[in-house]
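1. pasting the sequence and the predicted model now:
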Amino acid sequence: MTAAFAATSLVYWKGLQGGFVYDDYSFIFGNPGIKVSSNSLSNWFAAAMSFPSGSHQGRWLGMLSFAANHYFTGMDPYAFKLTNLAIHLLNGLLVFLALRALFDFHQLQKPAFPRRAVFNSGLAAASLAALWLVLPINLTAVLYISQRLESLSNTFVFLGLWWYLRVR
């Protein structure tokens, strides 16, 4: 997975240099709610509820993450995109863990019989997770800062899948 993380970082590195685009302006740049400058509970609560449409729509974690980015790094889009890349890499790790658990579960369900080749669930899961990490459709989730909301929802989906397969 280390090689997959390195390759993914290399693929996205140039894009981290870009600025705010599209919805980033309403979610981040033009949103005073996420511009937390003092560490008070009321500021963080206001940031959590600062979804631009006026209703938070259950996206408080994403808005809190934008506020944390601003609190620690200011309005530098590079830092916001670097955080998105870190979330994407975490999701890649969760994809790997979920796939490995799925493959291991499948192997346990099969009756024992002699095979010519041994299936390596770790290698298969790592290969598929590496492909998922560099899949072009994930570009917007990393380089469009406001798409962090999507990436964070995927984090919890992958975490839930992995947990389910481990418990199963």
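-> Received the coordinates, thanks.
2. contacts for stretch 143-150, please.
-> If you take C-beta atoms under 8 Å, 6 or more residues apart in numbering as the criterion, stretch 143-150 is touched by 12, 15-16, 18, 20-24, 26-28, 59, 62, 65-66, 77, 80-81, 83-84, 87, 140-141. Every residue, glycine included, has its C-beta placed from N, CA and C.
3. list the buried residues in the helix or strand where residue 151 lies.
-> Following DSSP states H and E, one finds residue 151 within helix 148-167. For helix 148-167, burial by neighbour count (16 or more other C-beta atoms under 10 Å) applies to 148, 149, 150, 151, 152, 154, 155, 158, 161, 162, 165.
4. quote the end-to-end distance of stretch 108-122.
-> 15 Å (C-alpha to C-alpha, to the nearest Å).
5. apart from its neighbours in sequence, what residue is nearest residue 166?
-> residue 101 (5.3 Å; C-beta to C-beta, 6 or more residues apart in numbering).
6. the helix or strand hosting the one you found versus helix 148-167: what angle between them?
-> Using DSSP H and E, residue 101 sits in helix 77-109. Between helix 77-109 and helix 148-167, the angle comes out at 20 degrees (axes from the mean of the first three to the mean of the last three C-alpha atoms, to 10 degrees).
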